[in-house]
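K.L.:
Task: produce atomic coordinates for the following.
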Amino acid sequence: MDILHPSGWTPPKGYSNGVVADPGRLVFIAGQVGWDAQQCFQSNDLVPQFEQALSNVLEVLSVAGGNPEHICRMTAYCTEKDVYLSHRQELGRLWQRLMGKHYPAMSMIFVSDLLDHPGKIELEATAVVPH
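P.N.:
The predicted structure follows:
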């Protein structure tokens, strides 16, 4: 996987502008919220829900034989912009613990609500797992 970074651009923080993936199996992971395997939320707070949602993405990916570094694109939908911004360092530490220093192409979209209540964050991902 190669990271695309146009010459002269300021490096992005916490994501990549673009990614080129080598041929492999495409894995599309549906939006994962911060609930456990039994679809129960253990917390109403954003940070633990983010950790659970990212863990859920990685668990689904592992079923296809993938690892965090195979994720090429991730989209996050979050209901609490102010809370997200005030917890960026903590969220960054969670990211590094689960994803390492791998930063796929990402989008963060702030929304008024999610389907699964009391969800605060939903993460969807696309990965390319080598053959």
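K.L.:
Which stretches in this structure count as helices?
P.N.:
Counting by DSSP state H, one finds helices in the chain at the ranges 46-63, 81-86, 88-99.
K.L.:
buried stuff in the second one?
P.N.:
Across helix 81-86, burial judged by 16 or more other C-beta atoms under 10 Å covers residue 84. For the C-beta atoms, the positions are set from N, CA and C on the backbone; glycine is no exception.
K.L.:
helices or strands next to that helix in the packing?
P.N.:
In terms of contacts (3 or more C-beta pairs under 8 Å, 6 or more residues apart in numbering; DSSP states H and E), helix 81-86 is packed against strand 105-110.
K.L.:
what about residue 70, neighbour count?
P.N.:
Neighbour count of residue 70, defined by other C-beta atoms under 10 Å: 22.
K.L.:
Chain neighbours aside, what residue packs nearest to it?
P.N.:
Spatial nearest neighbour of residue 70, chain neighbours left out: residue 127 (4.3 Å); criterion: C-beta to C-beta, 6 or more residues apart in numbering.
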